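# dropping a prediction and its sequence here:
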Amino acid sequence: MKKLVAYLTSAYPDKNFTIDLALSMSANGVDSIELGVPFSDPVADGPIIEKANHLSLANGFIFNDLIDISKEIASEVDTLWMGYMNPFYHRGMKNTIEKASSLDVSALIIPDLPYEEMLVYTDILIKNSVDAISFVAPTDSHERIEVITKNAKKFIYLVAYAGITGSLQSEDLAKTIDSIRKTTNTPIYVGFGVNEQTAKDKIEGADGVIVGSSFVDVLLKDNLTNSQKIDTISSMARRIKDRINS
């Protein structure tokens, strides 16, 4: 069964909405929820997720909102924290990892933290049973892929192209996937540019997809009520899950 990971901007429009949405998505085929930690300069994200980040911060997002959401959903659906290094470092990486572990958050995704710098936290991650997701890009050499993936846990985040989330660019990932398969048995999940229309193609040769901007785009629609947003996103999630497994 191919897996579906869904990115959500935490606490937009509020934390109770995020809880309700995450649980609904879990009931509609989403295997893991990637809770985005709002940040003022999300360099790897496109304009849709960037706007949601700024709106959540403008609404008063604080880190405790992420904790409150995780308390309610992590026992029901596999939960990851996706954020940039600044908010995690500000709290202290040891404290962040220990808190994630105490809430049953399974992994951290930190796109602006280079692989070699993440190694500094290996011992505390292992001690707390929290994984750090490794990124691979189509531009990485086989030698680089060997380094990045040899100790990869949970899944490898294969960036579908060099750029930002939400773009409609595409690249042939077969060579990169083959290179990863030669070095590790860790599952490969494809992210960046994955939506209802592209998911079937993106999953080719991989084990899962990560969808973000398509879901967050619905959050930004002012003409929908919160209930309508939950229904729309959950239905989309079900269609994507069915599509990648058809």
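Everything's here; your move.

# can you give me the strands for this protein?
In the chain, the segments counted as strands under DSSP state E are 3-9, 32-36, 78-82, 107-109, 131-132, 134-136, 156-159, 188-191, 208-211.

# so who does the residue at minimal distance from the centre of the chain touch?
Closest to where the C-alpha atoms of the chain average out (C-alpha atoms, centre = their mean) is residue 34, at 4.0 Å. Contact partners of residue 34, counting by C-beta atoms under 8 Å, 6 or more residues apart in numbering, are 5, 6, 7, 8, 80, 81, 82, 109, 210, 212. Any C-beta I mention is one placed from the backbone N, CA and C, and that applies to glycine too.

# tell me who's in contact with residue 114.
Residue 114 neighbours (C-beta under 8 Å, 6+ apart): none.

# what's the answer for residue 31, then?
Applying C-beta under 8 Å, 6+ apart, we find residue 31 in contact with 3, 4, 5, 77, 78, 208.

# rerun at 7 Å
Residue 31 makes contacts with 3, 4, 5, 78, as judged by C-beta atoms under 7 Å, 6 or more residues apart in numbering.

# same question, residue 190
If you count contacts by C-beta under 7 Å, 6+ apart, residue 190 has them with 158, 160, 173, 202, 203, 206, 209, 210.

# look up the pLDDT of it for me, please.
Note for residue 190: predicted pLDDT of 97.

# residue 16 versus that one, what's the distance?
Separation of residue 190 from residue 16 (C-beta to C-beta, to the nearest Å) stands at 31 Å.

# next one: residue 70
For residue 70, the distance to residue 16 equals 14 Å [C-beta to C-beta].

# next one: residue 94
Distance from residue 94 to residue 16, counting by C-beta to C-beta: 30 Å.

# can you flag the buried ones in the contacts of residue 31?
Buried members of those, scored by 16 or more other C-beta atoms under 10 Å, are 3, 4, 5, 78.

# the spatially closest residue to residue 17 that is not a sequence neighbour: neighbouring residues, count only.
For residue 17, ignoring the flanking residues on the chain, the nearest one in space by C-beta to C-beta, 6 or more residues apart in numbering is residue 226 at 5.5 Å. As a burial measure, residue 226 scores 14 neighbours (other C-beta atoms under 10 Å).

# quick one: pLDDT of residue 226?
For residue 226, the predicted pLDDT is 98.
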